[in-house]
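K.L.:
just to be clear, the model below is a prediction. Sequence and coordinates:
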Amino acid sequence: MKALQFNVPTMQGQSLTIQEDILETFYPHLHRHQEAQLMWIVKGRGVLIVEDTLHPFKENDIFFLGANQPHVFKSSSLDGFSNESRSISIFLIRMANSSSCSHWKNLNH
């Protein structure tokens, strides 16, 4: 199965984007994006498929996905009816110039 290329909405010059999703189910398509993603599962459960590996997930799990790493969060429910999902993601944007690297270094001091 081929992964869809997904474009995370960003503003020029920003180094990260925070996104909250509250949906009936998690985004159901295998996809990838240029940004690395740190995702907190606030509500919901299912199976995360990353490349060819399966990882069960539930509320309060946190996952780090590398840039361009194909993945999909497949929702499942305990009762067969309720699949509501809620997640908060931080997308780390790769900056083209080296000044952004020094910006990150300064945050460590």
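P.N.:
Perfect, I can see it now. As the structure is a prediction and not an experimental result, all values here were calculated from the model. Numbers count the residues shown, from 1 in each chain.
K.L.:
residue 17 and residue 33, how far apart?
P.N.:
Spatial separation of residue 17 from residue 33 under the definition Cβ to Cβ, to the nearest Å is 10 Å. Any C-beta I mention is one placed from the backbone N, CA and C, and that applies to glycine too.
K.L.:
can you check residue 16 too?
P.N.:
The gap separating residue 16 from residue 33 is 13 Å, by Cβ to Cβ.
K.L.:
okay, and the common contacts of those two?
P.N.:
With contacts defined as Cβ atoms under 8 Å, 6 or more residues apart in numbering, the residues shared by residue 16 and residue 33 are residue 91.
K.L.:
which of these two has more residues huddled nearby?
P.N.:
For residue 16 versus residue 33, the count of surrounding residues by other Cβ atoms under 10 Å is larger for residue 33: 19 against 12.
K.L.:
which ones are touching the nearest residue in space to that one that is not next to it in sequence?
P.N.:
For residue 33, the nearest residue in space outside its immediate sequence neighbours is residue 6; the separation is 4.5 Å by Cβ to Cβ, 6 or more residues apart in numbering. Taking Cβ under 8 Å, 6+ apart as the contact definition, residue 6 lies against 31, 32, 33.
K.L.:
which residues does residue 69 contact?
P.N.:
Contacts of residue 69 were listed using Cβ under 8 Å, 6+ apart, and they are 32, 50, 51.
K.L.:
confidence score at the residue nearest to residue 33?
P.N.:
On the pLDDT scale, residue 6 is placed at 83.
K.L.:
and if you look at the one 5 residues further on?
P.N.:
According to the prediction, residue 11 has pLDDT 76.
K.L.:
same thing with residue 51?
P.N.:
We note a pLDDT of 88 for residue 51 in this prediction.
K.L.:
ok, it to residue 72 distance?
P.N.:
According to Cβ to Cβ, residue 51 stands 11 Å off from residue 72.
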